[in-house]
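**Q** Dropping a prediction and its sequence here:
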Amino acid sequence: MRSLLVISLLMAGCSTSLDPLPKQPDAPTSEGIVATVGKQWDTADQKVAASVTIVREMADRPEVVRSEATVALSFLPPVEAGELALARARAIKADPKEAAEATAFGKNLLGQINTSWLRVEADQFEAKRVSNLKDARIVELTAEVERVKKDMASQTWTWIGGALAVAGALCTTFLGPRLGLPLIGCGMLCGAVPFIIESEYFAIIVGTTLAASSVLLLWVLWDKARDQVNAKPYEPPKE
């Protein structure tokens, strides 16, 4: 519970001390999505423009006009009834003024679409940048939490080592060195635990300790067995 409290306080402290992250735009963070859609959109626009250009160039050949117009329509969504009625009325009237107004409206709308698309691309780039900043902040906070946890563990071992050393000194003073010196040694060992764990020779130290302990255990067992073999049989006292 105390660890969770410390980590929570750490997170709160980091959030107040670190620079606030900018707002992430409501846009995809993957560059592939926007790039793919933009490329597909450009391809469709170019094919429609090419077919319409051919229709204008070969307006005197009805079969080519129908064919290329069909190709152009294949890249467009189904036309709404209202828009189709307006186009038919404009074609029947053949008023140059209305045609010029429709052309100007189309160019203006295309400019707005291009501007909006550029904004989408900019938002996507900013969203990706902010997302990367968030990922970096998560890594930074995680590293800070790990550092605090290590510091807490180090301090715990230090306090335990200090307490054992003090207890050993008191025992040496009042009860004798036979009881106090081992406690002082245990205190020194506890204080050295964090340095041993973080040392690059940790595996060697652990392996050597285990090997030495195993050898010592085998020697004790062998010595005990030897004593039992060499022990003289019990002889009752003679009366």
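**A** Looks like it arrived, so ask away. Residues are numbered from 1 along each chain as shown.

**Q** so what pLDDT did residue 4 get?
**A** The per-residue pLDDT reported for residue 4 equals 40.

**Q** my bad, residue 67
**A** In the predicted model, residue 67 carries a pLDDT score of 91.

**Q** what does residue 70 give?
**A** In this prediction, residue 70 carries a pLDDT score of 91.

**Q** Quick one: residues in contact with the host helix or strand of it.
**A** Counting by DSSP states H and E, the element that carries residue 70 is helix 62-74. Contacting residues not belonging to helix 62-74 are listed as 47, 48, 51, 52, 54, 55, 58, 59 [CB atoms under 8 Å, 6 or more residues apart in numbering]. Yep, even glycine has a C-beta here, placed from its N, CA and C like the rest.

**Q** Over to stretch 85-99?
**A** Contacts of stretch 85-99 with the rest of the structure, by CB under 8 Å, 6+ apart, involve residue 102.

**Q** same thing with stretch 45-55?
**A** Outside of stretch 45-55, the residues that reach it under the criterion CB under 8 Å, 6+ apart are 64, 65, 68, 69, 71, 72, 75, 76.

**Q** Scan this protein for its longest helix.
**A** Taking residue count as the measure and DSSP state H as the definition, the longest helix of the chain comes out as helix 96-174.

**Q** Dump the following helix or strand past it to CSV, keeping only the CA atoms.
**A** Per DSSP H and E, helix 96-174 leads on to helix 177-198 as the next helix or strand towards the C-terminus. Coordinates of the C-alpha atoms in helix 177-198 are reproduced here as CSV (Å, rounded to 0.1, in the frame of the first residue of the first chain):
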residue,chain,number,x,y,z
PRO,A,177,31.0,-10.1,21.0
ARG,A,178,29.9,-13.7,20.4
LEU,A,179,26.4,-12.5,19.9
GLY,A,180,27.0,-8.9,18.7
LEU,A,181,29.6,-9.4,16.0
PRO,A,182,27.4,-11.7,13.9
LEU,A,183,24.7,-9.1,14.0
ILE,A,184,27.1,-6.4,12.9
GLY,A,185,28.2,-8.6,10.0
CYS,A,186,24.6,-9.2,9.0
GLY,A,187,24.0,-5.5,9.1
MET,A,188,27.0,-4.8,6.9
LEU,A,189,25.7,-7.5,4.5
CYS,A,190,22.2,-6.0,4.4
GLY,A,191,23.7,-2.5,3.7
ALA,A,192,25.7,-4.0,0.8
VAL,A,193,22.7,-5.8,-0.8
PRO,A,194,21.7,-3.0,-3.2
PHE,A,195,25.2,-2.5,-4.4
ILE,A,196,25.6,-6.3,-4.9
ILE,A,197,22.3,-6.5,-6.9
GLU,A,198,23.2,-3.6,-9.2
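
**Q** Now do the buried residues in the next helix or strand after helix 177-198.
**A** Using DSSP H and E, the helix or strand that follows helix 177-198 towards the C-terminus is helix 202-230. Along helix 202-230, not one residue counts as buried under the neighbour rule (16 or more other CB atoms under 10 Å).

**Q** Which strands or helices does helix 202-230 pack on?
**A** The contact analysis (3 or more CB pairs under 8 Å, 6 or more residues apart in numbering; DSSP states H and E) places helix 202-230 against no helix or strand.

**Q** i'd like the first residue to be 49 from this point on
**A** Sure thing, new numbering starts at 49, so read that last one as helix 250-278.
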